[in-house]
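**Q** this one's sequence-less:
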């Protein structure tokens, strides 16, 4: 894992709104950054009540791109209402951001939101990972010169989805996931990507990878049918998320930890 560079904290400090959290996503979270990979930060900001209630154009999403000391980074945050709405729409991507262990900025409300997030996971999150992996495979297989990156994304999303259906836990790191699945070719692909460049091209039997993607897709679909995850979010979870959002609007964030 690459060490978190100092400019990440600078991007957080320069954000125009208070941040509930900011974590590292992208290749660093997934366990296969190249030396030239940029840094993807994701998080949640809290719009002040005055802006929400007034006639302001709401900045529900803020995107800050910058290069600081040679570090290229991209910080994207959603307002707390938009983010919780995405949580309730079976979006696995925001859950991965929320549970990322690579924390640049946190607050007590971040921990509270993580706890509540356990209640939004349903068996229908499998469809998020089935769709995401299929899109990545189409991107990979449609390239004239196939790259390792979309292939790793394909396998990462499939294994994350299977793991979620079986354990009810969000795990986005492919290295960690492969300790469970023990697919030796993934270790080789990760090593090839991390030793090379972000757009490293693939060497190997494409037919083999196609068969493996098909097998794991069927395994994810089976895990969805066998999971004990509920089919819907419980009303009390939705109510608790709503209560948290109201408190954030009225009272702001509590003491910030970095």
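**A** It's in. Because the structure is predicted, anything quoted here is derived from the model rather than measured.

**Q** Spell out the residue ranges of the helices in this structure.
**A** In the chain, the helices defined using DSSP state H lie at 7-13, 26-30, 49-53, 80-87, 92-99, 108-117, 125-141, 148-167, 174-181, 184-195, 206-226, 235-251.

**Q** can you list the domains in this structure?
**A** Recorded structural domains for the chain (assignment: automatic domain parsing) are 7-121+232-251, 125-226.

**Q** Export the ones you listed as CSV, with columns for mean neighbour count and mean pLDDT.
**A** Using the backbone N, CA and C atoms, a C-beta is placed for each residue, glycine as well. Output for the domains of the chain, formatted as CSV (neighbours: other C-beta atoms under 10 Å; pLDDT from 0 to 100):
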stretch, mean neighbour count, mean pLDDT
domain 7-121+232-251, 17, 94
domain 125-226, 17, 94
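
**Q** wouldn't residue 78 be in contact with residue 84 here?
**A** No: at 9.1 Å, residue 78 and residue 84 do not qualify as touching, with contact defined as C-beta atoms under 8 Å.

**Q** ok so, going back, dump the helices of the chain to JSON lines, plus distance to residue 62.
**A** Formatted as JSON lines, those follow (distance: least, C-beta to C-beta, whole Å):
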{"stretch": "helix 7-13", "distance to residue 62": "11"}
{"stretch": "helix 26-30", "distance to residue 62": "17"}
{"stretch": "helix 49-53", "distance to residue 62": "12"}
{"stretch": "helix 80-87", "distance to residue 62": "11"}
{"stretch": "helix 92-99", "distance to residue 62": "14"}
{"stretch": "helix 108-117", "distance to residue 62": "17"}
{"stretch": "helix 125-141", "distance to residue 62": "24"}
{"stretch": "helix 148-167", "distance to residue 62": "25"}
{"stretch": "helix 174-181", "distance to residue 62": "29"}
{"stretch": "helix 184-195", "distance to residue 62": "30"}
{"stretch": "helix 206-226", "distance to residue 62": "33"}
{"stretch": "helix 235-251", "distance to residue 62": "16"}
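
**Q** Identify whichever of the ones you listed lies nearest to residue 73.
**A** helix 7-13 (5.8 Å; C-beta to C-beta).

**Q** who does the closest one touch, helix- and strand-wise?
**A** strand 19-25, strand 39-45, strand 61-68, strand 71-79, strand 103-105 (3 or more C-beta pairs under 8 Å, 6 or more residues apart in numbering; DSSP states H and E).
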